[in-house]
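Q: Sequence plus predicted model, see below.
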Amino acid sequence: MRNISKKAKSILIIDVCKSTRDALIKDIGNAYPLLVATTAREGIGLLSEEVAVVILDLALPDAYGIAVLRRIKETHPSVPVIITAAYETEETIIAAFRAGARDYIKKPLDPDEVLNKISVLAGMLSDAGGRRHMMLGSESGPRPRHGEIPSCIIEGILRVKAYIEKNYALPLTLSEACRISLLNRSYFCAYFKRITGHSFKSYHHFVRIRKAIELMEKADRTVSEIAGMIGYENASYFSATFKKETGITPKHYILGAQRAYK
């Protein structure tokens, strides 16, 4: 586990469960400076631009988790939020993504998964301290209520989403995605965008780029090697896609990651 950088921004943990807080402190405390809160009120009071990532439990004692998430995005819209939950429905998780959550981890938390997701989101910080643009969540603007979407459609879209996240390096056509979702093309394309905030094609790119960032953080690899590992045969196309998603080239990101570990 890496040592804390003097310039590293803090990870804010908002969780009522002592065992979860203790586990997070143990697992990520050597990699990042931490701020810890047990209530929504306390957590919101700790928010600042010095916070790199918020880990937010949806089951807080003093406020509904989705409402807390919306408050965080209203006051600090550039701070990415990872939501955690033990017993939440798919509709609640979808509502959280629509409210601005950047990622989701189901409890009990896996230390490696937590560190990987934090690493990706914290990687949005540039060397100068500003936040890079990165499509790690839903688009801004009003969203239709999740209750308007039939459960069979939600389940179908989530199946495709899970398939892409597991098999990101493999090609996947729109026809194959429709078969996995058990939806026709019109329904699939319309609802995939409404639920995920991405088109089918852009979501596949998004997952691949997120994985590329994880690989860049873990080991010293060339741009061509990383492109091949995540499913891009053409390194130039990968570089162009990476820059479109993050605002910088893979080469510059790798150089920044190498400097951070020195």
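A: Ah, there it is.

Q: how many neighbours does S78 have?
A: 11 (other Cβ atoms under 10 Å). The way it works is simple: take the backbone N, C-alpha and C, and place the C-beta from them, glycine included.

Q: Next: V68.
A: Neighbours of V68 under the rule other Cβ under 10 Å: 25.

Q: Repeat that for A219.
A: Per other Cβ under 10 Å, the neighbour tally for A219 reads 9.

Q: which residues of the stretch 151-262 of the chain fall in helices?
A: 151-166, 174-181, 185-196, 200-218, 223-229, 235-246, 250-261 (DSSP state H, counting those that start in this stretch).

Q: D103: which of those is closest?
A: Taking Cβ to Cβ as the criterion, helix 200-218 is the member of the helices of the stretch 151-262 of the chain that comes nearest to D103, at 9.0 Å.

Q: so how far is that closest one off the chain centroid?
A: Distance, stretch centre to chain centre, for helix 200-218: 10 Å (Cα atoms, centre = their mean, to the nearest Å).

Q: now it against helix 235-246, angle please.
A: Relative orientation of helix 200-218 versus helix 235-246 (axes from the mean of the first three to the mean of the last three Cα atoms, to 10 degrees): 100 degrees.

Q: Give me the packing partners of helix 200-218, helices and strands only.
A: helix 111-122, helix 151-166, helix 174-181, helix 185-196, helix 223-229, helix 235-246, helix 250-261 (3 or more Cβ pairs under 8 Å, 6 or more residues apart in numbering; DSSP states H and E).

Q: By neighbour count, which bits of the third one are buried? Give me those.
A: For helix 174-181, burial by neighbour count (16 or more other Cβ atoms under 10 Å) applies to A177, C178, I180, S181.

Q: one step back: relative to A37, which of the helices and strands packed on helix 200-218 is closest?
A: helix 111-122 (16.7 Å).

Q: Can you tell me which of the buried residues of helix 174-181 is closest to D57?
A: Nearest to D57 among those, counting by Cβ to Cβ, is S181 at 30.3 Å.

Q: residue contacts, the closest one?
A: For S181, the contact set (Cβ atoms under 8 Å, 6 or more residues apart in numbering) comprises G156, I157, R159, V160, F188.

Q: Recalculate using a threshold of 10 Å.
A: Neighbour list for S181: 152-153, 155-161, 163, 187-188, 191-192, 200 [criterion: Cβ atoms under 10 Å, 6 or more residues apart in numbering].

Q: just these now: which is nearest N116?
A: Of all these, K161 has the smallest distance to N116: 17.8 Å, by Cβ to Cβ.

Q: what's around the residue lying closest to that closest one once chain neighbours are set aside, how many residues?
A: Excluding the flanking residues, the one nearest K161 by Cβ to Cβ, 6 or more residues apart in numbering is T196, at 6.4 Å. When neighbours are counted by other Cβ under 10 Å, T196 registers 23.

Q: isn't T196 right next to I157, touching?
A: Yes: using Cβ atoms under 10 Å, T196 is in contact with I157, at 7.1 Å.

Q: hey, what's in contact with both of these two?
A: Shared contacts of T196 and I157 (Cβ under 10 Å, 6+ apart): I94.
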